[in-house]
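Engineer: Sequence and predicted model, in that order:
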Amino acid sequence: MVFLCTFEALVLPIMDQLLVQKVRDQFQEQFQTSPVVVFSPGRINLIGEHTDYNEGYVLPAAIDMGIVLAIQKSKEPYCTATAINISESFSFPLDQRTPIPEGGWQNYIMGVVYEILNKDRTIAPFNVVFGGNIPPGAGLSSSAALENALVFGLNELFQLGLSKMEMILLSQAAEHTFAGVQCGIMDQYASMFGKQNTALFLDCRTLQAEVIPFRNDEFSLILLDSKVKHNLADSAYNDRRNTCSGVAQQLGVPALRDLDVQTLLDNRQKFENDIFQKALFVLEENNRVLNAVIALRNNDLKTLGTLLFESHAGLQHQYKVSCEELDLLVDVARKSDDVPGARMMGGGFGGCTLNLVKTEKIDSFIHTAKEEYKARFNKAITAYHVTTGTGTRLIT
Ligand code: GLA
(Lines give C-alpha, C1' and ligand atoms only; values in the text may rest on other atoms or scores of the structure.)
Protein backbone atom coordinates (compact mmCIF):
# COMPACT_ATOMS: atom_id res chain seq x y z
CA MET A 1 0.00 0.00 0.00
CA VAL A 2 1.18 3.51 -0.75
CA PHE A 3 0.94 6.42 1.60
CA LEU A 4 -1.04 9.35 0.39
CA CYS A 5 1.27 12.26 -0.03
CA THR A 6 -0.04 15.29 1.75
CA PHE A 7 1.54 18.61 2.31
CA GLU A 8 1.38 18.82 6.08
CA ALA A 9 1.67 15.18 7.15
CA LEU A 10 5.05 13.55 7.29
CA VAL A 11 4.77 10.45 5.20
CA LEU A 12 6.99 7.52 6.03
CA PRO A 13 7.87 4.80 3.55
CA ILE A 14 6.03 1.49 3.70
CA MET A 15 9.01 -0.58 4.53
CA ASP A 16 12.01 1.52 4.32
CA GLN A 17 14.35 -0.29 1.91
CA LEU A 18 17.07 2.20 2.65
CA LEU A 19 16.84 1.40 6.31
CA VAL A 20 17.09 -2.33 5.59
CA GLN A 21 20.18 -1.69 3.51
CA LYS A 22 21.71 0.52 6.16
CA VAL A 23 21.19 -2.05 8.91
CA ARG A 24 22.55 -4.86 6.72
CA ASP A 25 25.61 -2.81 5.69
CA GLN A 26 26.38 -1.81 9.24
CA PHE A 27 26.16 -5.44 10.33
CA GLN A 28 28.46 -6.61 7.55
CA GLU A 29 30.94 -3.89 8.33
CA GLN A 30 30.95 -4.49 12.07
CA PHE A 31 30.91 -8.31 12.08
CA GLN A 32 32.08 -9.39 8.58
CA THR A 33 29.31 -11.90 8.12
CA SER A 34 25.84 -11.85 6.66
CA PRO A 35 22.92 -11.69 9.07
CA VAL A 36 19.34 -12.88 9.35
CA VAL A 37 17.15 -9.78 8.99
CA VAL A 38 13.79 -9.20 10.67
CA PHE A 39 11.22 -6.40 10.44
CA SER A 40 8.89 -5.76 13.36
CA PRO A 41 6.31 -2.97 13.29
CA GLY A 42 5.04 -0.46 15.84
CA ARG A 43 1.33 -0.24 16.56
CA ILE A 44 -1.60 2.09 16.88
CA ASN A 45 -4.67 1.38 18.97
CA LEU A 46 -8.05 2.42 17.63
CA ILE A 47 -9.73 2.00 21.00
CA GLY A 48 -9.49 0.00 24.22
CA GLU A 49 -6.94 1.82 26.35
CA HIS A 50 -5.78 0.39 29.67
CA THR A 51 -8.11 -2.54 29.19
CA ASP A 52 -5.48 -5.14 28.25
CA TYR A 53 -4.08 -5.68 31.73
CA ASN A 54 -7.67 -5.90 32.99
CA GLU A 55 -8.11 -8.91 30.71
CA GLY A 56 -10.51 -6.95 28.53
CA TYR A 57 -10.74 -6.02 24.85
CA VAL A 58 -8.53 -3.90 22.61
CA LEU A 59 -8.60 -2.93 18.94
CA PRO A 60 -5.01 -2.25 17.81
CA ALA A 61 -3.29 -2.54 14.44
CA ALA A 62 0.31 -2.89 13.34
CA ILE A 63 1.63 0.05 11.30
CA ASP A 64 4.07 0.36 8.44
CA MET A 65 6.78 1.89 10.59
CA GLY A 66 8.99 -0.37 12.59
CA ILE A 67 12.35 -1.79 13.48
CA VAL A 68 14.74 -3.57 11.17
CA LEU A 69 17.05 -5.92 13.04
CA ALA A 70 20.01 -7.90 11.74
CA ILE A 71 21.32 -10.78 13.82
CA GLN A 72 23.96 -13.52 13.59
CA LYS A 73 25.93 -15.79 15.90
CA SER A 74 28.98 -14.21 17.51
CA LYS A 75 32.52 -15.55 17.31
CA GLU A 76 33.23 -13.93 20.67
CA PRO A 77 32.11 -15.28 24.05
CA TYR A 78 29.77 -12.30 24.52
CA CYS A 79 27.00 -10.47 22.65
CA THR A 80 27.28 -7.06 21.01
CA ALA A 81 24.29 -4.88 20.14
CA THR A 82 24.31 -1.70 18.07
CA ALA A 83 21.50 0.85 17.73
CA ILE A 84 22.23 2.73 14.52
CA ASN A 85 19.71 5.56 15.00
CA ILE A 86 21.60 6.80 18.02
CA SER A 87 25.01 5.35 17.18
CA GLU A 88 25.28 3.40 20.40
CA SER A 89 26.83 0.00 20.90
CA PHE A 90 27.29 -2.22 23.93
CA SER A 91 28.48 -5.70 24.79
CA PHE A 92 27.06 -8.00 27.44
CA PRO A 93 27.43 -11.59 28.62
CA LEU A 94 24.65 -13.95 27.62
CA ASP A 95 23.83 -14.68 31.24
CA GLN A 96 23.35 -11.03 32.29
CA ARG A 97 20.73 -11.37 35.01
CA THR A 98 20.01 -7.78 35.96
CA PRO A 99 18.92 -4.71 34.01
CA ILE A 100 21.10 -1.62 33.71
CA PRO A 101 19.79 0.99 36.16
CA GLU A 102 18.25 3.83 34.13
CA GLY A 103 19.06 1.76 31.05
CA GLY A 104 17.09 2.25 27.84
CA TRP A 105 17.10 0.05 24.76
CA GLN A 106 19.82 -2.19 26.21
CA ASN A 107 17.36 -3.51 28.78
CA TYR A 108 14.89 -4.63 26.11
CA ILE A 109 17.66 -6.63 24.45
CA MET A 110 18.99 -8.20 27.64
CA GLY A 111 15.45 -8.75 28.94
CA VAL A 112 14.54 -10.88 25.92
CA VAL A 113 17.71 -12.95 26.32
CA TYR A 114 17.03 -13.38 30.02
CA GLU A 115 13.48 -14.58 29.37
CA ILE A 116 14.58 -17.02 26.66
CA LEU A 117 17.12 -18.57 29.01
CA ASN A 118 14.43 -18.63 31.69
CA LYS A 119 12.38 -20.84 29.39
CA ASP A 120 15.29 -23.28 29.27
CA ARG A 121 15.98 -22.63 25.61
CA THR A 122 19.58 -22.81 24.48
CA ILE A 123 21.17 -19.90 22.67
CA ALA A 124 24.79 -18.84 22.18
CA PRO A 125 26.37 -15.37 22.04
CA PHE A 126 25.10 -13.32 19.10
CA ASN A 127 25.53 -9.91 17.52
CA VAL A 128 22.71 -7.61 16.62
CA VAL A 129 22.34 -4.32 14.75
CA PHE A 130 19.03 -2.50 14.53
CA GLY A 131 17.51 0.74 13.34
CA GLY A 132 14.00 2.04 12.98
CA ASN A 133 11.66 4.64 11.53
CA ILE A 134 9.21 4.76 14.42
CA PRO A 135 9.24 8.30 15.81
CA PRO A 136 10.85 7.98 19.25
CA GLY A 137 8.69 8.67 22.30
CA ALA A 138 5.52 8.91 20.25
CA GLY A 139 3.83 5.99 22.01
CA LEU A 140 3.91 3.74 18.95
CA SER A 141 5.51 0.85 20.84
CA SER A 142 9.00 0.88 19.48
CA SER A 143 9.98 -1.16 22.55
CA ALA A 144 7.54 -3.98 21.70
CA ALA A 145 8.77 -3.85 18.10
CA LEU A 146 12.36 -4.24 19.29
CA GLU A 147 11.56 -7.09 21.69
CA ASN A 148 9.55 -8.92 19.03
CA ALA A 149 12.23 -8.39 16.40
CA LEU A 150 14.88 -9.82 18.69
CA VAL A 151 12.94 -12.83 19.92
CA PHE A 152 11.88 -13.58 16.34
CA GLY A 153 15.47 -13.30 15.14
CA LEU A 154 16.80 -15.52 17.93
CA ASN A 155 14.06 -18.06 17.32
CA GLU A 156 15.11 -18.23 13.69
CA LEU A 157 18.84 -18.23 14.32
CA PHE A 158 18.86 -20.92 17.00
CA GLN A 159 15.81 -22.86 15.76
CA LEU A 160 14.14 -22.51 19.15
CA GLY A 161 10.75 -23.68 17.92
CA LEU A 162 8.86 -20.92 19.74
CA SER A 163 5.36 -20.13 18.48
CA LYS A 164 4.43 -16.51 17.81
CA MET A 165 2.26 -16.62 20.92
CA GLU A 166 5.16 -17.83 23.04
CA MET A 167 7.33 -15.12 21.55
CA ILE A 168 4.98 -12.27 22.48
CA LEU A 169 4.57 -13.55 26.02
CA LEU A 170 8.33 -13.64 26.26
CA SER A 171 8.60 -10.07 24.95
CA GLN A 172 6.05 -8.94 27.49
CA ALA A 173 7.90 -10.71 30.31
CA ALA A 174 11.12 -8.96 29.22
CA GLU A 175 9.37 -5.62 29.57
CA HIS A 176 8.14 -6.55 33.05
CA THR A 177 11.46 -7.81 34.40
CA PHE A 178 14.01 -5.63 32.62
CA ALA A 179 12.15 -2.40 31.79
CA GLY A 180 10.06 -2.35 34.98
CA VAL A 181 6.77 -1.62 33.20
CA GLN A 182 3.97 -4.05 34.06
CA CYS A 183 2.50 -3.69 30.58
CA GLY A 184 -0.38 -5.69 29.14
CA ILE A 185 -0.12 -7.79 26.00
CA MET A 186 -1.61 -5.42 23.42
CA ASP A 187 1.58 -3.90 22.00
CA GLN A 188 3.46 -7.15 21.55
CA TYR A 189 0.38 -8.86 20.12
CA ALA A 190 -0.36 -6.15 17.56
CA SER A 191 3.26 -5.89 16.51
CA MET A 192 3.56 -9.66 15.99
CA PHE A 193 0.18 -10.49 14.48
CA GLY A 194 -0.82 -7.32 12.59
CA LYS A 195 -2.29 -7.56 9.10
CA GLN A 196 -2.58 -4.90 6.45
CA ASN A 197 -5.93 -3.07 6.21
CA THR A 198 -7.22 -4.61 9.39
CA ALA A 199 -7.50 -4.00 13.10
CA LEU A 200 -7.22 -6.83 15.61
CA PHE A 201 -10.16 -7.27 17.95
CA LEU A 202 -8.25 -8.97 20.72
CA ASP A 203 -9.64 -10.57 23.84
CA CYS A 204 -6.75 -10.10 26.25
CA ARG A 205 -7.89 -12.97 28.46
CA THR A 206 -8.12 -15.72 25.86
CA LEU A 207 -5.61 -14.08 23.48
CA GLN A 208 -7.98 -14.90 20.65
CA ALA A 209 -8.31 -12.18 18.06
CA GLU A 210 -10.72 -11.50 15.28
CA VAL A 211 -9.39 -9.68 12.26
CA ILE A 212 -11.63 -6.70 11.45
CA PRO A 213 -11.27 -5.10 8.01
CA PHE A 214 -10.32 -1.46 8.41
CA ARG A 215 -10.03 0.60 5.33
CA ASN A 216 -12.06 3.54 4.19
CA ASP A 217 -10.48 5.88 1.67
CA GLU A 218 -12.76 8.73 2.69
CA PHE A 219 -11.08 8.89 6.12
CA SER A 220 -7.45 8.64 7.15
CA LEU A 221 -5.63 8.03 10.38
CA ILE A 222 -3.50 10.97 11.38
CA LEU A 223 -1.26 10.95 14.43
CA LEU A 224 -0.40 14.24 16.04
CA ASP A 225 2.75 13.85 18.08
CA SER A 226 2.65 16.21 21.06
CA LYS A 227 6.41 15.71 21.48
CA VAL A 228 5.98 15.55 25.23
CA LYS A 229 6.55 12.65 27.57
CA HIS A 230 5.89 13.52 31.20
CA ASN A 231 8.19 11.51 33.35
CA LEU A 232 5.65 10.10 35.76
CA ALA A 233 4.43 7.84 32.95
CA ASP A 234 5.94 4.51 34.05
CA SER A 235 5.13 4.80 37.73
CA ALA A 236 1.64 6.11 36.98
CA TYR A 237 1.09 3.16 34.65
CA ASN A 238 2.02 0.61 37.31
CA ASP A 239 -0.09 2.58 39.77
CA ARG A 240 -3.19 2.32 37.58
CA ARG A 241 -2.62 -1.36 37.17
CA ASN A 242 -2.48 -1.86 40.94
CA THR A 243 -5.62 0.21 41.45
CA CYS A 244 -7.51 -1.96 38.99
CA SER A 245 -6.38 -5.26 40.43
CA GLY A 246 -7.20 -3.91 43.92
CA VAL A 247 -10.81 -3.22 42.92
CA ALA A 248 -11.14 -6.62 41.27
CA GLN A 249 -9.76 -8.33 44.34
CA GLN A 250 -12.04 -6.45 46.71
CA LEU A 251 -15.07 -7.45 44.65
CA GLY A 252 -13.93 -11.06 44.45
CA VAL A 253 -13.35 -11.35 40.69
CA PRO A 254 -10.12 -12.30 38.86
CA ALA A 255 -10.04 -9.07 36.80
CA LEU A 256 -12.14 -5.95 36.09
CA ARG A 257 -13.17 -7.70 32.90
CA ASP A 258 -15.45 -9.87 35.02
CA LEU A 259 -17.53 -6.98 36.37
CA ASP A 260 -20.42 -5.22 34.74
CA VAL A 261 -21.18 -1.55 35.29
CA GLN A 262 -24.25 -2.25 37.44
CA THR A 263 -22.31 -4.47 39.86
CA LEU A 264 -19.68 -1.80 40.21
CA LEU A 265 -22.34 0.87 40.80
CA ASP A 266 -23.95 -1.34 43.45
CA ASN A 267 -20.60 -1.43 45.26
CA ARG A 268 -19.74 2.21 44.80
CA GLN A 269 -19.68 3.02 48.53
CA LYS A 270 -16.79 0.60 49.06
CA PHE A 271 -14.38 2.83 47.13
CA GLU A 272 -13.10 6.37 47.16
CA ASN A 273 -14.54 8.24 44.20
CA ASP A 274 -11.19 8.48 42.42
CA ILE A 275 -10.73 4.71 42.50
CA PHE A 276 -14.36 4.05 41.59
CA GLN A 277 -14.03 6.33 38.54
CA LYS A 278 -10.92 4.52 37.33
CA ALA A 279 -12.61 1.14 37.55
CA LEU A 280 -15.72 2.55 35.88
CA PHE A 281 -13.59 3.88 33.04
CA VAL A 282 -12.18 0.41 32.36
CA LEU A 283 -15.63 -1.18 32.21
CA GLU A 284 -16.95 1.57 29.96
CA GLU A 285 -13.89 1.45 27.72
CA ASN A 286 -14.35 -2.28 27.34
CA ASN A 287 -17.93 -1.68 26.19
CA ARG A 288 -16.71 0.99 23.80
CA VAL A 289 -14.42 -1.54 22.12
CA LEU A 290 -17.38 -3.87 21.56
CA ASN A 291 -19.39 -0.99 20.09
CA ALA A 292 -16.45 0.11 17.95
CA VAL A 293 -16.24 -3.36 16.42
CA ILE A 294 -19.93 -3.17 15.50
CA ALA A 295 -19.41 0.31 14.05
CA LEU A 296 -16.45 -0.90 11.97
CA ARG A 297 -18.39 -3.86 10.68
CA ASN A 298 -21.11 -1.44 9.56
CA ASN A 299 -18.50 0.91 8.11
CA ASP A 300 -20.00 3.53 10.42
CA LEU A 301 -17.05 5.81 11.09
CA LYS A 302 -19.26 8.48 12.61
CA THR A 303 -20.13 6.19 15.51
CA LEU A 304 -16.53 5.03 15.74
CA GLY A 305 -15.50 8.68 15.99
CA THR A 306 -17.97 9.40 18.79
CA LEU A 307 -16.55 6.44 20.71
CA LEU A 308 -13.02 7.81 20.26
CA PHE A 309 -14.03 11.16 21.74
CA GLU A 310 -15.77 9.41 24.64
CA SER A 311 -12.68 7.31 25.22
CA HIS A 312 -10.55 10.43 25.44
CA ALA A 313 -12.94 12.08 27.89
CA GLY A 314 -12.69 8.99 30.10
CA LEU A 315 -8.90 8.87 29.88
CA GLN A 316 -8.76 12.58 30.72
CA HIS A 317 -11.29 12.87 33.55
CA GLN A 318 -11.75 9.38 34.99
CA TYR A 319 -8.56 7.45 34.39
CA LYS A 320 -6.46 10.62 34.53
CA VAL A 321 -3.67 9.61 32.18
CA SER A 322 -3.92 12.50 29.73
CA CYS A 323 -2.14 15.84 29.90
CA GLU A 324 -2.93 19.38 28.77
CA GLU A 325 -1.01 18.99 25.50
CA LEU A 326 -3.03 15.93 24.45
CA ASP A 327 -6.27 17.53 25.64
CA LEU A 328 -5.65 20.58 23.49
CA LEU A 329 -5.03 18.46 20.41
CA VAL A 330 -8.23 16.51 20.98
CA ASP A 331 -10.12 19.79 21.53
CA VAL A 332 -8.89 21.00 18.14
CA ALA A 333 -10.29 17.80 16.63
CA ARG A 334 -13.60 18.23 18.47
CA LYS A 335 -14.04 21.70 16.98
CA SER A 336 -13.50 20.45 13.44
CA ASP A 337 -16.29 19.21 11.19
CA ASP A 338 -13.75 17.09 9.34
CA VAL A 339 -12.73 14.90 12.27
CA PRO A 340 -15.39 12.46 13.47
CA GLY A 341 -13.19 11.29 16.33
CA ALA A 342 -9.87 11.62 18.13
CA ARG A 343 -8.24 10.57 21.36
CA MET A 344 -4.96 10.19 23.13
CA MET A 345 -3.37 6.85 22.42
CA GLY A 346 -1.33 4.40 24.49
CA GLY A 347 -0.25 4.64 28.11
CA GLY A 348 -0.71 8.42 28.28
CA PHE A 349 1.05 11.49 29.72
CA GLY A 350 2.34 12.39 26.28
CA GLY A 351 2.88 10.82 22.89
CA CYS A 352 0.30 11.06 20.13
CA THR A 353 -3.35 11.68 19.56
CA LEU A 354 -5.05 9.44 17.01
CA ASN A 355 -7.36 11.34 14.66
CA LEU A 356 -9.87 10.04 12.17
CA VAL A 357 -9.77 12.76 9.53
CA LYS A 358 -11.60 13.29 6.24
CA THR A 359 -8.87 12.50 3.74
CA GLU A 360 -9.44 15.60 1.66
CA LYS A 361 -9.20 17.81 4.76
CA ILE A 362 -6.00 16.43 6.24
CA ASP A 363 -3.88 19.45 5.44
CA SER A 364 -6.21 22.05 6.83
CA PHE A 365 -6.77 20.04 10.01
CA ILE A 366 -3.07 19.58 10.65
CA HIS A 367 -2.43 23.21 9.89
CA THR A 368 -4.98 24.35 12.49
CA ALA A 369 -3.65 21.89 15.08
CA LYS A 370 -0.10 23.11 14.52
CA GLU A 371 -1.11 26.75 14.90
CA GLU A 372 -3.15 26.21 18.05
CA TYR A 373 -0.48 24.05 19.65
CA LYS A 374 2.21 26.57 18.89
CA ALA A 375 0.10 29.44 20.22
CA ARG A 376 -0.59 27.63 23.50
CA PHE A 377 2.66 25.77 24.22
CA ASN A 378 5.13 27.47 21.94
CA LYS A 379 6.11 24.04 20.64
CA ALA A 380 5.79 22.23 17.33
CA ILE A 381 3.87 19.03 16.77
CA THR A 382 4.64 16.51 14.06
CA ALA A 383 1.86 14.85 12.08
CA TYR A 384 2.07 11.33 10.68
CA HIS A 385 -0.26 9.74 8.19
CA VAL A 386 -0.31 6.06 9.10
CA THR A 387 -1.73 2.98 7.49
CA THR A 388 -2.01 -0.46 8.96
CA GLY A 389 0.70 -2.99 8.17
CA THR A 390 1.87 -6.56 8.59
CA GLY A 391 3.34 -8.05 11.76
CA THR A 392 6.85 -9.26 12.63
CA ARG A 393 8.50 -11.12 9.74
CA LEU A 394 11.73 -12.21 8.15
CA ILE A 395 13.13 -10.08 5.37
CA THR A 396 14.84 -11.99 2.63
C1 GLA B 1 1.01 0.74 27.00
C2 GLA B 1 1.13 -0.72 27.40
C3 GLA B 1 -0.04 -1.54 26.87
C4 GLA B 1 -1.38 -0.90 27.22
C5 GLA B 1 -1.37 0.59 26.89
C6 GLA B 1 -2.60 1.28 27.41
O7 GLA B 1 1.13 0.89 25.62
O8 GLA B 1 2.33 -1.27 26.94
O9 GLA B 1 0.03 -2.86 27.36
O10 GLA B 1 -1.71 -1.13 28.56
O11 GLA B 1 -0.25 1.26 27.43
O12 GLA B 1 -3.73 0.81 26.76
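Structural biologist: In hand now; what should we look at?
Engineer: and the longest helix for this structure?
Structural biologist: helix 273-297 (DSSP state H).
Engineer: Which strands or helices does that one pack on?
Structural biologist: If you count contacts as 3 or more Cβ pairs under 8 Å, 6 or more residues apart in numbering; DSSP states H and E, helix 273-297 packs onto strand 57-58, strand 198-203, strand 208-213, helix 233-250, helix 261-266, helix 301-313. Every residue, glycine included, has its C-beta placed from N, CA and C.
Engineer: Same list, those, but as CSV with distance to residue 289 please.
Structural biologist: Shown next, in CSV, are the helices and strands packed on helix 273-297 (distance: least, Cβ to Cβ, whole Å):
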stretch, distance to residue 289
strand 57-58, 4
strand 198-203, 7
strand 208-213, 11
helix 233-250, 16
helix 261-266, 14
helix 301-313, 8
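Engineer: Between those, which has the poorest mean confidence score?
Structural biologist: Ranked by mean pLDDT, the helices and strands packed on helix 273-297 end with helix 233-250 at the bottom, a mean of 93.
Engineer: Which neighbouring elements make contact with that helix?
Structural biologist: For helix 233-250, the packing partners by 3+ Cβ pairs under 8 Å, 6+ apart come out as helix 273-297.
Engineer: tell me which residues in the helix it packs on are buried?
Structural biologist: 276, 278-290, 292-293, 295-296 (16 or more other Cβ atoms under 10 Å).
Engineer: Which members of those residues additionally contact the ligand?
Structural biologist: Contacts with the ligand within the buried residues of helix 273-297, counted by Cβ under 6 Å from any ligand atom: none were found.
Engineer: In the stretch 201-350 of the chain, what residue lies closest to the ligand?
Structural biologist: Residue nearest to the ligand within the stretch 201-350 of the chain: residue 347 (3.5 Å; Cβ to the nearest ligand atom).
Engineer: So that residue sits against residue 141, correct?
Structural biologist: No: using Cβ atoms under 8 Å, residue 347 is not in contact with residue 141, being 9.7 Å away.
Engineer: So these two - more neighbours on which side?
Structural biologist: The neighbour comparison of residue 347 against residue 141 (other Cβ atoms under 10 Å) goes to residue 141, with 29 against 22.
Engineer: Run a quick check on that one versus residue 43, I expect a contact.
Structural biologist: Yes: Residue 141 lies in contact with residue 43 (Cβ under 8 Å); the separation is 4.9 Å.
Engineer: between the two, what contacts are shared?
Structural biologist: Taking Cβ atoms under 8 Å, 6 or more residues apart in numbering as the contact rule, residue 141 and residue 43 both touch 187, 190, 191.
Engineer: Next, the contact list for the last one, please.
Structural biologist: It stands for residue 191. Going by Cβ under 8 Å, 6+ apart, the list of residues near residue 191 reads 40-43, 62, 66, 141, 144-145, 148, 168, 391-392.
Engineer: what's the spacing between it and the ligand?
Structural biologist: 11 Å (Cβ to the nearest ligand atom, to the nearest Å).
Engineer: Quickly find the element holding that residue.
Structural biologist: helix 186-193 (DSSP states H and E).
Engineer: Compute the inter-axis angle for that helix and strand 198-203.
Structural biologist: Interaxial angle, helix 186-193 versus strand 198-203 (axes from the mean of the first three to the mean of the last three Cα atoms, to 10 degrees): 130 degrees.
Engineer: avg pLDDT for helix 186-193?
Structural biologist: 98.
Engineer: what's the offset of it from the middle of its chain?
Structural biologist: With Cα atoms, centre = their mean, to the nearest Å as the basis, helix 186-193 stands 8 Å off its chain's centre.
Engineer: Can you list the buried residues in that helix?
Structural biologist: Of all the residues in helix 186-193, those buried under the rule 16+ other Cβ under 10 Å are 186, 187, 188, 189, 190, 191, 192, 193.
Engineer: With stretch 214-226 instead?
Structural biologist: Buried residues in stretch 214-226, defined by neighbour count with 16+ other Cβ under 10 Å: 214, 219, 220, 221, 222, 223, 224, 225, 226.
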